[in-house]
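> Here is my input, please return the structure:
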Amino acid sequence: MSARIEPLARSGRRSLNALPLAGSAHVWFDTVRPWSGDAVRAVARGPESDRLSALRAPVAGLALDRPRIMGILNVTPDSFSDGGDLPSVEAAVTRAREMAYAADILDIGGESTRPGADPVPETEEIARTVPVIAAIREAGLATPISIDTRKAAVAAAALDAGADIVNDVSAMSYDTAMAGLLAERDVPVCLMHAQGDPKTMQANPTYDDVVAEVADYLETRIEAALAAGIGRDRIILDPGIGFGKTLQHNVSLLRHLAVYHDLGCPILLGASRKRFIGTLGGAEAAKDRMPGSLAVALHAAAQGVQIIRVHDVAQTRQAMNLHLALNGAPNGTEHEAD
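Down below sits the predicted model:
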């Protein structure tokens, strides 16, 4: 694998030599650090700086020059935070309407991938998700929809019902038919890193260098996607917080999120309400972890992450608008400073 480069992300007033980080309107860099541990150096103009600074391709028509909020809409009985909250199609559509005011993308899932979860048959997953997607579209909501699934048949049915994006936590490794489907449909896909499957992934996960190993894995999945005929402009990457990682692994990944810009694709972060937030922030119940989730979301934005997947959509939107305004990024809500 190639040597990793970590751009040192900054916000606020820019230096004369600053470059936008992955095309961001609010995050910049003028120095980089090779992940091998060599000293910080000024960014070299050329292919390296082009890769790190280029604006990523739009996702489902959404420009990625600022952070996009992906709202979680689980129609599962057993998800770790919101399982059973939406017991009917009508309840899910009502929740989608509420979220659509603040979310850029709705992420709909019918199979829990929490630690220890059992797989759900694809017929049941389709029965949970497809009627909801169809009803959201019938209700006139045009917000892009992501289907959170590892199964090609579920993805196909969801796309037919009106979904726009596939969010595959197995990075196309669970179902061999997924890559061909994505190439055929020419839709964006999020490829996530996970060590092990949901049933066993938290049984003593180990890494020599979690940041580099996650990057190496994601690079192999990019190569697999390209080989299957999926365009690079259709690929999103997720380091997989909490999927086969200890608390310290999660913290290390979050501290060095900017490393993943070196792979040249948009980054999605899904850390909302996860256990490490409760451990560090002192919140045992998942639904009490909103303040810590906001802190992580704003940290991700400061590292140039393009898509932030959250449960608490309205609160995250408010916090993000303030973050962007204070760091000089246009977000449609600017006012003259007093």
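
> next one: phi and psi at the residue nearest the centre of the chain?
Taking Cα atoms, centre = their mean, the centroid of the chain lies closest to Leu268, which sits 2.2 Å from it. Per-residue torsions, Leu268: phi -110, psi 140 (degrees, to the nearest 10).

> So for it, what's the pLDDT?
Listed pLDDT for Leu268 reads 98.

> Contact partners for it?
Applying Cβ atoms under 8 Å, 6 or more residues apart in numbering, we find Leu268 in contact with 70, 167, 190, 192, 236-238, 305-309. Quick note: C-beta positions are derived from backbone N, CA and C, even for glycine.

> try 10 Å
For Leu268, the contacting residues are 59, 68, 70, 105, 107, 146, 165, 167, 190-192, 236-240, 260, 300, 305-309, by Cβ atoms under 10 Å, 6 or more residues apart in numbering.

> measure it to Pro188 for me?
Leu268 sits 10 Å away from Pro188, going by Cβ to Cβ, to the nearest Å.

> Quick check: neighbours shared by these two?
59, 105, 146, 165, 167, 236.

> can you map out the helices along the protein?
Remark: helices assigned in the chain by DSSP state H are 47-53, 89-100, 122-138, 152-161, 178-185, 210-227, 247-255, 275-281, 290-302, 313-326.

> residues touching the nearest residue to Ala127 once chain neighbours are set aside, list them.
In space, and not counting its chain neighbours, Ala127 is closest to Gly110: 7.9 Å by Cβ to Cβ, 6 or more residues apart in numbering. Contacts of Gly110 were listed using Cβ under 10 Å, 6+ apart, and they are 74-76, 79, 120, 122, 124-130, 132, 147-149, 151, 154, 158.

> Show the pLDDT at Gly110.
For Gly110, the model assigns a pLDDT of 91.

> Now do it against Ile235, distance only.
Distance of Gly110 to Ile235, given as Cβ to Cβ: 23 Å.

> can you check Arg221 too?
Look at Arg221 and Ile235: by Cβ to Cβ, they are 8 Å apart.

> again, but for Ala42
As judged by Cβ to Cβ, Ala42 and Ile235 stand 29 Å apart.

> between Arg221 and Ile235, what contacts are shared?
The contact sets of Arg221 and Ile235 overlap at 189, 191, 263 (Cβ under 10 Å, 6+ apart).

> Skipping its backbone neighbours, what lies nearest Ile147 in space?
Nearest residue to Ile147 in three dimensions, chain neighbours excluded: Ala158, at 3.6 Å (Cβ to Cβ, 6+ apart).

> isn't the one you found right up against Ser146?
Yes - using Cβ atoms under 10 Å, Ala158 makes contact with Ser146 at a distance of 9.0 Å.

> For the two, list the residues in contact with both.
Here Ala158 and Ser146 share the contacting residues 108, 164-166, scored by Cβ under 10 Å, 6+ apart.

> And for the nearest residue to Ile108 once chain neighbours are set aside, the neighbour number?
In space, and not counting its chain neighbours, Ile108 is closest to Leu73: 5.0 Å by Cβ to Cβ, 6+ apart. Leu73 has 28 neighbours, counted by other Cβ atoms under 10 Å.

> Check the gap between Leu73 and Arg97 for me.
For Leu73, the distance to Arg97 equals 11 Å [Cβ to Cβ].

> hey, what's in contact with both of those two?
Ile136.

> got the contact list for Pro205?
If you count contacts by Cβ under 10 Å, 6+ apart, then Pro205 has 194-196, 243-246, 249 around it.

> Ser11 too?
Residues counted as contacts of Ser11 (Cβ under 10 Å, 6+ apart) are 21, 24, 26-28, 301-304, 323-324, 326-329.

> Arg309 now?
The neighbourhood of Arg309, defined by Cβ under 10 Å, 6+ apart, consists of 68-72, 103, 105, 107, 146, 148, 167, 190, 238, 241, 268-272, 297, 300, 316.

> I would like a ChimeraX command selecting only the buried ones among those, please.
Of those, the buried ones go into a single ChimeraX selection, burial set by 16 or more other Cβ atoms under 10 Å:
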select :68,69,70,71,72,103,105,107,146,148,167,190,238,241,268,269,270,271,272,297,300,316
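
> Many thanks, have a good one.
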